[in-house]
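[1] Would you be able to build a 3D model of this:
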Amino acid sequence: MEMNRVFLLTGSNRGESLHLMNTAARLIGEELGPIVRESRIYCTEPWGYDSSSLFYNQGLEIKTRLSAEDILEKILEIEARMGRIRLGEGYSDREMDIDILFYGDEIIEVENLAIPHPRMHLRRFALVPMEEIAPDLIHPVFNKSISELLTACADSSAVVEIP
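    Presented below is the predicted three-dimensional model:
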């Protein structure tokens with residue numbers, strides 16, 4: 001079976017976020033597939049809701065033989081083990097959030113799964129880490145590179161590298 005190139009975004013703004021980010025990366029590498037590239041960790045403002053807690057975000061590229069649906073299932077398991085409790089539809093503070101941004105160049109729209117991530121192009125906190133690890137990756141819906149999407153992004157939120 002062929003290896004798939006998958007991009008994920010991890011995020012945390014509750015608990016020991018830096019420790020949780022490192023734990024998530026380790027678990028992803030062990031359970032989904034080896035991490036090929038990882039961005040630095042960035043500190044970002046919450047997006048889509050008010051919170052006094054800043055987020056840490058990181059982009060990861062993995063190679064995997066898993067299907068997109070299997071990746072989603074494993075991601076939800078990892079999030080739950082790390083303390084994530086899903087409270088309905090809205091955004092909220094969370095110990096760990098793992099989003100699938102890209103699964104190869106596939107476009108997938110099934111119940112509970114949309115790839116590429118449908119709001120990624122609107123969010124600097126997703127585009128900045130992605131530009132670090134895959135600036136020339138072409139978004140299969142918009143047919144633009146990550147760098148082009150970041151340049152066109154209207155979001156003015158601060159995305160600050162963690163030293």
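[2] pLDDT below threshold where in the chain?
    1, 48-49, 51, 84-93 (pLDDT under 70).
[3] Please enumerate the helices of it.
    Remark: helices assigned in the chain by DSSP state H are 17-31, 68-81, 124-133, 146-152.
[4] could you dump these to a markdown table with distance to D105 and mean neighbour count?
    C-beta here means a position set from N, CA and C on the backbone, and glycine is covered the same way. Below are the helices of the chain laid out as a markdown table (distance: least, CB to CB, whole Å; neighbours: other CB atoms under 10 Å):
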| stretch | distance to D105 | mean neighbour count |
| --- | --- | --- |
| helix 17-31 | 21 | 17 |
| helix 68-81 | 12 | 17 |
| helix 124-133 | 15 | 23 |
| helix 146-152 | 13 | 17 |
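[5] Of those helices, which is nearest F102?
    Across those, F102 has its closest neighbour in helix 124-133 (8.5 Å, CB to CB).
[6] Can you tell me which helices and strands that closest one packs against?
    Using 3 or more CB pairs under 8 Å, 6 or more residues apart in numbering; DSSP states H and E as the contact test, the elements touching helix 124-133 are strand 4-12, strand 42-44, strand 55-64, strand 97-103, helix 146-152, strand 159-161.
[7] Please export the C-alpha coordinates of that helix as PDB.
    What follows is helix 124-133 as a C-alpha-only set of coordinates in PDB (Å, rounded to 0.1, in the frame of the first residue of the first chain):
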ATOM      1  CA  ARG A 124      -3.000  32.600  10.000                       C
ATOM      2  CA  PHE A 125      -2.400  30.200  12.900                       C
ATOM      3  CA  ALA A 126      -2.700  27.300  10.400                       C
ATOM      4  CA  LEU A 127      -1.000  29.000   7.400                       C
ATOM      5  CA  VAL A 128       2.100  30.200   9.200                       C
ATOM      6  CA  PRO A 129       3.200  26.800  10.400                       C
ATOM      7  CA  MET A 130       2.200  25.200   7.100                       C
ATOM      8  CA  GLU A 131       4.300  27.800   5.200                       C
ATOM      9  CA  GLU A 132       7.300  26.900   7.300                       C
ATOM     10  CA  ILE A 133       7.100  23.200   6.400                       C
END
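[8] Would you pull up how far it lies from the middle of the chain?
    9 Å (CA atoms, centre = their mean, to the nearest Å).
[9] and the direction of it versus that of strand 97-103, what angle?
    Here helix 124-133 points in a direction 50 degrees away from that of strand 97-103 (axes from the mean of the first three to the mean of the last three CA atoms, to 10 degrees).
[10] Contacts made by helix 124-133 with the rest, please.
    7, 9, 11, 37-40, 42, 44-45, 47, 55, 57-61, 99, 101, 117, 120-121, 137, 146-147, 149-150, 153, 155-157, 159 (CB atoms under 8 Å, 6 or more residues apart in numbering).
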